[in-house]
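Participant: model the structure of this input:
(one chain, ligands or ions: 2)
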Amino acid sequence: MVKVLVAGFKGRMGNTTVQMVLEHEDFELVGVFDPCAKEKNLNENAEYKDTDVPVYVSREEIKTDAEVWIDFTAPSAVFENAKFALENHISPVIGTTGMSDDQVAELQALAKKEHVGGLIAPNFGISAVLLMQFAKKAAEYLPDVEIIEMHHDNKLDAPSGTAINTAKMIAEVRKAHKQGNPDEKETLAGARGADYEGMRIHAVRLPGYVAHEQVLFGGKGEALTIRQDSFDRISFMSGVAVATEKIRNYDELMIGLENLL
Ligand SMILES: NC(=O)C1=CN([C@@H]2O[C@H](COP(=O)(O)OP(=O)(O)OC[C@H]3O[C@@H](n4cnc5c(N)ncnc54)[C@H](OP(=O)(O)O)[C@@H]3O)[C@@H](O)[C@H]2O)C=CC1
Ligand SMILES: O=C(O)C1=N[C@H](C(=O)O)C[C@H](O)C1
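Facilitator: Ligands and ions are numbered 1, 2, ... in the order given. Okay, here's the model as predicted:
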């Protein structure tokens, strides 16, 4: 059995993850963490009345034998959470987006020093993992690219972690260059979106959406669009489960679910 702690359990993803962990025959939920929790034990919720699991509201009070720390919290919280997990030899499985490149590099150095395996996955959905790989392949032949990501309107970070990761993967095969008319001017600021090495990234936020991305490629007289949709947060759970099962076999902090598939 893999002993698991879920951080951010009161949130949309954290709550779905708690259900997945409780239903998984190889996982044992040994703790949940969220500063906005009012209860001391999960069994105080009618939905989990037979589930005796301690609730933590601060990192300082966490005393646990957890082996894996699943994090779906907030961009402002994830770095300190991941650092805490690594320092306590708990393997982090991080879904939370919004960390800077410097923060990720610092965590990777810490994981190496502590010999602890971990994963940061910008997206645990298999459709998104495939989209990123297909997009990287397509960019070898069609290097003019724009990315449109579409999410629910409660999302804190923009552009999405998936969109940034898509751009980074494409940049491995695409020479940086400005796209569009060299003389183009925005008459309304932001009209051309964010700029990653000349690729434009557009972030849409609307009620009703969950998580969606399109990568558009244009060539002479032709175009290609690759699209993925997460219609439900359950779409991320098989990826989270795979990472939770496998992560203790590693001793470095990796980026991207594809490393474990
Ligand atoms: N990698 C992937 O496949 C996916 C990643 N995500 C990412 O996961 C993150 C969470 O998304 P979502 O569930 O929608 O967000 P929510 O806002 O619904 O949930 C986040 C929860 O974390 C809590 N929280 C804040 N700070 C801490 C902390 N220090 N420790 C523990 N919990 C904390 C929040 O409390 P409070 O409300 O009080 O701040 C909230 O209850 C986002 O970064 C999102 O981009 C989402 C879907 C898939
Ligand atoms: O906030 C979300 O919902 C999601 N966040 C991740 C991201 O920023 O890419 C993954 C997925 O898109 C859902």
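
Participant: where do the strands sit along the stretch 51-200 of the chain?
Facilitator: Taking DSSP state E, counting those that start in this stretch, the strands of the stretch 51-200 of the chain run over residues 55-56, 68-71, 91-94, 118-120, 145-151, 194-196, 199-205.

Participant: these two touch, right, Pro35 and Ser58?
Facilitator: Yes - shown here, Pro35 and Ser58 form a contact pair, counting by C-beta atoms under 8 Å, at 6.6 Å. (Each C-beta comes from the backbone N, C-alpha and C, glycine too.)

Participant: tell me how far the nearest residue to Lys10 once chain neighbours are set aside lies from ligand 2.
Facilitator: Distance criterion C-beta to C-beta, 6 or more residues apart in numbering; nearest residue to Lys10, sequence neighbours excluded, is Asp34 at 4.2 Å. For Asp34, the distance to ligand 2 (C-beta to the nearest ligand atom, to the nearest Å) stands at 16 Å.

Participant: what's the average pLDDT for stretch 250-261?
Facilitator: The average pLDDT within stretch 250-261 is 96.

Participant: so for that stretch, what gets flagged as buried?
Facilitator: Using 16 or more other C-beta atoms under 10 Å as the test for burial, stretch 250-261 gives Tyr250, Leu253, Met254, Ile255, Gly256, Leu257, Leu260.

Participant: thinking again about what came up before, so Pro35 and Ser58 - more neighbours on which side?
Facilitator: More crowded of Pro35 and Ser58, by other C-beta atoms under 10 Å: Pro35, with 14 against 8.

Participant: between the strands of the stretch 51-200 of the chain, which gets nearest to Ala223?
Facilitator: strand 145-151 (10.6 Å; C-beta to C-beta).

Participant: any residue of that closest one up close to ligand 1?
Facilitator: No - judged by C-beta under 6 Å from any ligand atom, strand 145-151 and ligand 1 are separated, with a smallest distance of 8.1 Å.

Participant: cool, and stretch 108-124?
Facilitator: Yes - using C-beta under 6 Å from any ligand atom, we find that stretch 108-124 touches ligand 1 at Ala121, Pro122, Asn123, Phe124.

Participant: quick check: the two most widely separated of those?
Facilitator: Pro122 and Phe124 (8.8 Å).

Participant: and the residues of stretch 108-124 next to ligand 1, which are buried?
Facilitator: Ala121, Pro122, Asn123, Phe124.

Participant: domains in the chain, by residue range?
Facilitator: Domain segmentation of the chain under automatic domain parsing yields 2-120+234-259, 126-230.

Participant: now the shortest one: mean pLDDT?
Facilitator: Which is domain 126-230. Mean predicted lDDT for domain 126-230 stands at 98.

Participant: got the end-to-end distance for it?
Facilitator: Domain 126-230 has an end-to-end distance of 10 Å (C-alpha to C-alpha, to the nearest Å).

Participant: one more: the longest one?
Facilitator: For domain 2-120+234-259, the first and last residues are 20 Å from each other (C-alpha to C-alpha).

Participant: test my guess that the residue nearest to Lys10 contacts Gly14.
Facilitator: Yes - using C-beta under 8 Å, Asp34 is in contact with Gly14, at 6.7 Å.

Participant: that older thread, can you lay out the strands of the stretch 51-200 of the chain as JSON lines showing mean neighbour count?
Facilitator: Shown next, in JSON lines, are the strands of the stretch 51-200 of the chain (neighbours: other C-beta atoms under 10 Å):
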{"stretch": "strand 55-56", "mean neighbour count": "20"}
{"stretch": "strand 68-71", "mean neighbour count": "28"}
{"stretch": "strand 91-94", "mean neighbour count": "28"}
{"stretch": "strand 118-120", "mean neighbour count": "27"}
{"stretch": "strand 145-151", "mean neighbour count": "22"}
{"stretch": "strand 194-196", "mean neighbour count": "16"}
{"stretch": "strand 199-205", "mean neighbour count": "18"}
